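From the sequence below, what's the structure:
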Amino acid sequence: MSGLFALLTFLALSSSDAKPHAGLKTWGRFSKLPYPGDKAFLYDTFPSDFMWAVGTAAYQVEGAFEKDGKGLSIWDTFTRGGNRMATGDVGSDSYHNIHADIRAIRQLGVTHYRFSLSWSRIFPNGTRGSYNEIGTNYYRTLIKRLKEIRVQPVVTLYHWDLPEHLQQSLGGWSNPEMVEIFKDYSDFCFHAFGDDVKYWITIDNPFVVAQHGYGTGVVAPGIKNDPDLPFRVGHNLLKAHATAWHLYNRHYRPRQQGKLSIALASHWIKPRRTRLESLRECQCSLDHVLGWFARPLFADGDYPPCMRERLGSRLPSFTQEEREQVRGTADFFALSHGATLSFQLINDSLKFGQLEDLDLRMLLYWVNLEYDKPPIFVVQSGWYVLGNTKTEDPKHMYYLKRFIAEALKSIIIDKVNVIGYTAWSLTDGFEWHREYGIRRGLYYVDFNTPDMKREPKTSATFYRNVIHKNGFPELPENRPAQGMFPCDFAWGVSANSIQVETTPTQFADPNVYLWNISNNGELIKLEGLSAPPLHRATHCADYATIRQQVDEIRQVGVNHFHFSLNWSALVPTGDVAYPNTTLLGYYRCFTRQLVQANVTPVVTLWHHTRQRSNLPTPLDTANGWLNSKTPKAFADYARLCYREMGAHVKMWITLNEPNDEMVSYQEGHQMLLAHALAWRAYDQEFRQTQRGRVSLALHMDWVEPAFSFSREDVEPAKRVLDFYVGWLAEPIFGSGDYPVGMRSWLRQLNSLELPVFNEEHRQLVRGTYDFFAMSHFSTKLVTHAKEDSYTYTEMLEVQHMIDTTWIMSPRPVVPWGLRKALNWVRLGDFHYSDVPIYVMANGVQEDPARFKDSLRVYYLYNYINEALKAFTLDGVNLKGYFAYALNDQRDPGFGLYGQVHEEVIVKASLSNYRNIIQHNGFPIPGASPQQCPALPQPCPGCHVLIRRPVVGFLTLVGSGVLITLGLIIYYTTKRHKEYY
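Numbers count the residues shown, from 1 in each chain. The predicted structure follows:
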């Protein structure tokens, strides 16, 4: 950590004039931002003049490759060579579908539409002499239609589709003559369309054109013989762009008042190690991709020094005149980001050993620093879905959400001048080297229909809503709630288990010591001597581990503690007639000491874990829960615990999280019977004297439709909740049978796996609860559209996914999911009405070495705040909240306490949780304090007086006698010494 701090300090102290390597500060700056607060979703809006755009490229969508005099492009030729399987001859046929495209653009509500001109449609052989009037009129019509719906065109002169004639006759962009040819083509376009075009892009993504068109051969024209050719091509592309810019600046800008730039694409990269060398390699990686073209334009007119150092003479040189000609030839920074380049077309060799990452916000900040705060127009951004995906594309939608949210943070937090955002693309089309294997459109195109029918995808609906709201305005439900829980609210902490010490430590040492009272007070061990065996009954105070654990629990400030017993250890043989009395005594002592500390014990009889069954060995080896004798054995075990610990335990959990996906329906059925028998046993035999409550605790992470406006996603979400929560909740809290939706779905699948309750068992199980206890940790999204087989559940026909804007650790941190889960219990399909609800476990996993556990601080604050909303705003009958977990020793990564060797460490989250408990929530500033009756202070010896008054009286009398005798002896001895 000290090395990282030194590195960050170095970067922070670097002078502001350290250009053009100012971008090097980016990684240090972002590593110092508050975590996880900076990663939280930002609810805010974009500037009022922000440009919302959508885009396409001519070869991908136009089609009509030989229609109305169009000449061939290098892509028309390239797709007919080698082992390529498809062409863009038709694409999405935008040439014949202007009306459909305009309708889609209008539906989105964008302010700008980016499209490219097909050079070979205007000049079939690439030069003015081959001018094609019909092709030109197509673009005039498109621009006219855009003006009619008040959408500004953003026109790209060249998006990879060079006229084939120029490639064949001149060698394409490898020939310097292309500079003047491009200038003449640009001149025509400025003249023909410029009165209606205010934003021009000369060339799209010159890196791909040079590196992959003339280097790797992945894209057209597919040349890959000369490793130095890409740098000569890039040189010509830069000069061609600069020449076009100067042409526009001199002859067209004064009248047309437009702006012109070149679209530069980039990946993002993060250091593999926190060393300055790694950061420099990251900087060099960006220089080799983005800086290759950006530095000559936005800095000093030359290539990055990193490229010069590593490429030497392979990199062409600019004369001083050429530097001045190139430098400053961009009116804004046009940035492309997303699937076209990241993770697809960046060679590992250009990562220089570092890690590629998708982080638009950091890239924007780097551009802002590196190139002196230019206005940045994101002219291409988005993701993709597989080619068989139709109108449901939540994956694309959530990537769009992520990139737009990062652009918003860049503006609001980082103060970067981002002026516009372009979602890519308007419609599905031909995806370059991926052909039709992926789809990137906001509108689905059915390529098998004659008119290429277009339908809006979920991503289109999402983007339209974002544009309509101009971002993500904060809604009331997004704001933190203020208020307090009731005075009798149960604040708790949970642990899967407690530390057990079966040998008392108080009197375990038989050695004899001499107390050196006259000197330093040390104990000196007398060798060879030992005390006789101590024949006395074991007392609860003899267990040091109990004292330590209870003290740790009290320090948290909770009034409840939830832990699990070990059935297999308590009743090893499965026969309650032969329990482990020592362990039973320990648990009894533990609960007693908790009560004395004013902490209510909440005890789980059986805790489900995937690693082991926790059943007594004879039952485990005899088919476990599938054994018909197991439910009765569990009920007998429950009676033993009620009898031995019920005096101190007033809240029991029979089964903790039995609704695991690894548990079969038959096992679950047996567990329900076991729970019901245990609950009935308490209700009939113990409740009247012990006055306790019994229920089971279900794991209930929330399940949200990936697209909440789609019924096709709402139904899968309900189905998942039926199968994972309703499965064991409905028989107990509802009808006494499994959910109807669960049975009907399995019936459709011809599955007979779900057992049937007979009437006796239905009556046995139904109503066996005193409260609803849930464990909640996270939220997941589901959709019906299959995208990734690894996260697709075939039986339920649901695709699991996450929102890429969520904080991860390693599960998503989604506080509002708890509120929705609580409301599901109250208002869901099963309507469990006003049942008392306890959140029995809620926590997040974080690196145990982080004692300043900021993620857990954030997690607990926000999840408890959502619980408060459920209580105060929604009317959920929430009775208690338990943070999970007490310490890392028993629950690694989840603890409020950490541990280094034998030292227990109080984490930051513990102090923050205790503060929330002390305030009983989130009180309104300035409001009068909540008036709650004072809790009784712990009195270690008071239980003796209460439970055994005669013994207590005799104890007091005996203590008085001993004290009196002691005083008599002391003063008699003193007078005796004075006499002599």
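
Excluding chain neighbours, what is closest to residue 763?
residue 736 (6.8 Å; C-beta to C-beta, 6 or more residues apart in numbering). From N, CA and C alone the C-beta is placed, and that goes for glycine too.

ok, that neighbour - contacts?
757, 762, 763, 765, 766, 767 (C-beta atoms under 8 Å, 6 or more residues apart in numbering).

And the residues you listed, which is closest to residue 795?
For these, the closest approach to residue 795 (C-beta to C-beta) belongs to residue 757, at 21.9 Å.

State the distance from the closest residue to the closest one other than its chain neighbours to residue 667.
Ranked by C-beta to C-beta, 6+ apart and with sequence neighbours excluded, the top spatial neighbour of residue 757 is residue 737, at 5.6 Å. Going from residue 737 to residue 667 by C-beta to C-beta, to the nearest Å gives 18 Å.

Between the two, which has more neighbouring residues?
Between residue 737 and residue 667, residue 667 has the larger neighbour count (other C-beta atoms under 10 Å), namely 19 against 16.

correct me, but the more buried one touches residue 626?
Yes: when contacts are counted by C-beta atoms under 8 Å, residue 667 is listed as touching residue 626 (6.2 Å).

Overlap in contacts, these two.
Shared contacts of residue 667 and residue 626, defined by C-beta under 8 Å, 6+ apart, are absent.

if I pick the residue nearest to residue 147 when sequence neighbours are not counted, what's in contact with it?
Excluding its sequence neighbours, the residue lying closest to residue 147 (C-beta to C-beta, 6+ apart) is residue 196, at 6.2 Å. Contact analysis of residue 196 by C-beta under 8 Å, 6+ apart lists 143, 144, 147, 153.

Count the neighbours of residue 730 for me.
22.

where does it sit relative to residue 385, distance-wise?
Distance from residue 730 to residue 385, by C-beta to C-beta: 36 Å.

wait, isn't residue 820 in contact with residue 702?
Yes: Residue 820 lies in contact with residue 702 (C-beta under 8 Å); the separation is 5.1 Å.

between those two, who's got more neighbours?
Neighbours per residue (other C-beta under 10 Å) separate residue 820 from residue 702, with residue 702 holding more: 23 against 18.

for the residue lying closest to that one once chain neighbours are set aside, what are its contacts?
Closest residue to residue 702 apart from its sequence neighbours, by C-beta to C-beta, 6+ apart: residue 817 at 3.5 Å. Counting by C-beta under 8 Å, 6+ apart, residue 817 makes contact with 701, 702, 704, 776, 778, 779.

same thing with residue 752?
Counting by C-beta under 8 Å, 6+ apart, residue 752 has contacts residue 746.

Relative to residue 797, how far out is it?
19 Å.

again, but for residue 697
29 Å.

Pick out whichever of those two has more residues nearby.
residue 697 (28 against 15).

The host helix or strand of the more buried one packs against which elements?
Using DSSP states H and E, residue 697 sits within strand 693-699. Packing partners of strand 693-699 (3 or more C-beta pairs under 8 Å, 6 or more residues apart in numbering; DSSP states H and E): strand 651-656, helix 665-685, helix 727-733, strand 772-775.

any idea of the mean pLDDT for the last one?
Averaging pLDDT along strand 772-775 yields 98.

could you say what helices and strands it packs with?
Against strand 772-775 (3+ C-beta pairs under 8 Å, 6+ apart) you get strand 693-699, helix 816-827, strand 837-842.

Out of those, which gets nearest to residue 319?
helix 816-827 (60.3 Å).

mind checking how far that closest one is from the chain centre?
Chain-centre distance of helix 816-827: 20 Å, with C-alpha atoms, centre = their mean, to the nearest Å.

List the buried residues of that helix.
816, 817, 818, 819, 820, 821, 822, 823, 824, 825, 826 (16 or more other C-beta atoms under 10 Å).

got the angle between it and strand 837-842?
150 degrees (axes from the mean of the first three to the mean of the last three C-alpha atoms, to 10 degrees).

where does the closest residue to residue 733 other than its chain neighbours land in three-state SS?
For residue 733, ignoring the flanking residues on the chain, the nearest one in space by C-beta to C-beta, 6+ apart is residue 832 at 4.7 Å. Here residue 832 is coil, with the state taken from DSSP: H, G, I helix; E, B strand; the rest coil.
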